[in-house]
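Novice: Sharing a sequence plus its predicted fold:
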Amino acid sequence: MGITYIDGIVKGRARKERKVRFLVDSGASYSLLPESDWKALKLKPSRRQAFSMADGTVIERDISECVVRLPQGEGHTPVILGETGDEALLGVVTLEILGLVLHPFNRTLQPMRLMLA
């Protein structure tokens with residue numbers, strides 16, 4: 001298994017932008033912004049959600065929404081509001097919104113084959 005990072009721009013409703021280096025995590029459902037990033041963008045929580053960690057631990061985090069722009073495109077996406085020590089993650093919900101998939105062998109983001117059926 002390899003590790004893949006990608007640089008992106010995140011925008012909040014206040015039209016503030018922030019450059020973020022995301023760890024592409026094909027095992028994470030939602031993307032996550034570290035506390036310093038979402039606070040700089042003035043994101044506000046809209047709900048709270050429980051998440052299962054790889055070791056079975058369950059944690060709760062607040063959820064908001066923002067726009068994520070990558071070299072491959074941009075889209076509106078839910079995002080976990082991280083806490084101290086959390087790393088920026090790019091999860092599969094955001095990847096699907098952008099029509100992207102993580103290629104498992106060369107660890108690059110590729111266009112997703114979309115079906116209209």
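Specialist: Alright, I've got the coordinates. Residues are numbered from 1 along each chain as shown.
Novice: Across the sheet, point out what pairs with the closest residue in space to Leu109 that isn't next to it in sequence.
Specialist: Nearest residue to Leu109 in three dimensions, chain neighbours excluded: Leu100, at 4.7 Å (C-beta to C-beta, 6 or more residues apart in numbering). For every residue, glycine as well, the C-beta is placed using N, CA and C. Note on Leu100: beta-bridge partners by DSSP bridges are Pro111.
Novice: and what of Arg48?
Specialist: Applying DSSP bridges, one finds that Arg48 bridges with Asp62.
Novice: Tell me how many other residues surround it.
Specialist: By the criterion of other C-beta atoms under 10 Å, Arg48 has 10 neighbours.
Novice: per-residue confidence for Gly2?
Specialist: On pLDDT, Gly2 comes in at 63.
Novice: for the one helix or strand Gly75 maps to, what is the average pLDDT?
Specialist: For Gly75, the enclosing helix or strand under DSSP states H and E is strand 73-81. Strand 73-81 carries an average pLDDT of 97.
Novice: residues of that strand that come out buried?
Specialist: 74, 77-81 (16 or more other C-beta atoms under 10 Å).
Novice: ranges for the helices of this structure?
Specialist: Assigned by DSSP state H, the chain shows helices spanning 35-40, 92-97.
Novice: follow-up on the earlier one: tabulate the buried residues of strand 73-81 (CSV), appending distance to Glu60.
Specialist: Converted to CSV, the buried residues of strand 73-81 look like this (distance: C-beta to C-beta, whole Å):
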residue, distance to Glu60
Glu74, 29
Thr77, 20
Pro78, 15
Val79, 15
Ile80, 10
Leu81, 11
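Novice: what's the most distant pair in the residues you listed?
Specialist: Within the buried residues of strand 73-81, Glu74 and Leu81 form the most distant pair, 19.9 Å apart (C-beta to C-beta).
Novice: where does this structure dip in pLDDT?
Specialist: 1-2 (pLDDT under 70).
Novice: residue closest to the middle of it?
Specialist: Closest to where the C-alpha atoms of the chain average out (C-alpha atoms, centre = their mean) is Ser31, at 2.2 Å.
Novice: I am finished for the moment; much appreciated.
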